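Participant: Sequence below, structure please.
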Amino acid sequence: MIKIIAQVISIIAMTIALLSFQQKTQKRILLLQFCSSSLFVIHFFMIGALTGCLLNLVGIFRAAVFANRGKKWANHIAWPILFVALFFGVYLLNFTVLGLTPTVGNLLIELLPTLGMFSTTVSFRMEKAAQVRVFSLISAPLWLTYNIINFSIGGILTELFSAISILVGMLRLDLKKKK
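Facilitator: Numbering: from 1, shown residues only. I've put the predicted structure just below:
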């Protein structure tokens, strides 16, 4: 029953994540990403995918900071550096404190979402929504692979639909604007 509830939570998180890329402003994208990440923390914890859980936990904090980017404190260059350090800290934590065996497979699997969060952090640092969409697109195949391995139904669908949603947003909002 817990696995079913976890998958339902991931479907709700997916819906919110997909809506985020259809927003016109960076701040609205980040607000919805904050909500989606919060639900994915619960989901990944429930299915035992601790890297996904902890990375999304840091992602909640990241979205909150970057949503306030217009304020001097939130615009400091130290924030993205801190978040990248935390993401790679989570990666190392898996093989030390959490006791995951550092096999080649595990090292690669756990690196995928870490690199995805790195890419998304770069995207959130961008000022324009169009730039956020471009850099967010890099993250999708990394998280997709991780989600397939961990059988996260909502995660798999999120990455598939996110890539499509980002592309639609680019066509609808970015290319239309250039014409």
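Participant: Show the pLDDT at the spatially most central residue of the chain.
Facilitator: By Cα atoms, centre = their mean, the chain has its centre lying nearest to residue 117, at 5.5 Å. Note for residue 117: predicted pLDDT of 95.
Participant: how about it, what does it touch?
Facilitator: 55, 58-59, 83, 87, 139 (Cβ atoms under 8 Å, 6 or more residues apart in numbering). Glycine gets a C-beta too; all of them are placed from N, C-alpha and C.
Participant: Helices of this structure, start to end?
Facilitator: 2-20, 26-47, 50-67, 78-95, 104-125, 129-149, 153-169, 176-178 (DSSP state H).
Participant: ok, of the ones you listed, where does mean pLDDT dip lowest?
Facilitator: Taking the mean pLDDT of the helices of the chain, helix 176-178 comes last: a mean of 67.
Participant: Please tell me how far the closest residue to residue 91 other than its chain neighbours sits from residue 175.
Facilitator: Leaving aside its sequence neighbours, residue 91 sits nearest to residue 114 (Cβ to Cβ, 6 or more residues apart in numbering; 4.6 Å). Residue 114 sits 31 Å away from residue 175, taking Cβ to Cβ, to the nearest Å as the criterion.
Participant: So which of these two has more stuff around it?
Facilitator: residue 114 (21 against 10; other Cβ atoms under 10 Å).
Participant: which residues does the more buried one contact?
Facilitator: Residue 114 neighbours (Cβ under 8 Å, 6+ apart): 51, 55, 87-88, 90-91.
Participant: circling back: against residue 141, how distant is the residue nearest to residue 91?
Facilitator: Distance from residue 114 to residue 141, by Cβ to Cβ: 14 Å.
Participant: what's the burial count for residue 101?
Facilitator: 9.
Participant: actually residue 108, not the one I wrote
Facilitator: Residue 108, neighbours per other Cβ under 10 Å, totals 10.
Participant: Show me which of the contacts of residue 114 is closest to residue 29.
Facilitator: residue 55 (18.4 Å; Cβ to Cβ).
Participant: For the closest one, list the residues it contacts.
Facilitator: 87, 90, 113-114, 117.
Participant: Please tabulate those residues in a markdown table and include distance to residue 31 as additional columns.
Facilitator: Below are the contacts of residue 55 laid out as a markdown table (distance: Cβ to Cβ, whole Å):
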| residue | distance to residue 31 |
| --- | --- |
| 87 | 21 |
| 90 | 23 |
| 113 | 22 |
| 114 | 24 |
| 117 | 18 |
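Participant: Among these, find me the one that's closest to residue 127.
Facilitator: Using Cβ to Cβ, these come closest to residue 127 at residue 117, 19.8 Å.
Participant: That closest one and residue 47: what is the separation?
Facilitator: 18 Å.
Participant: How about residue 142?
Facilitator: Relative to residue 47, and taking Cβ to Cβ, residue 142 is found at 18 Å.
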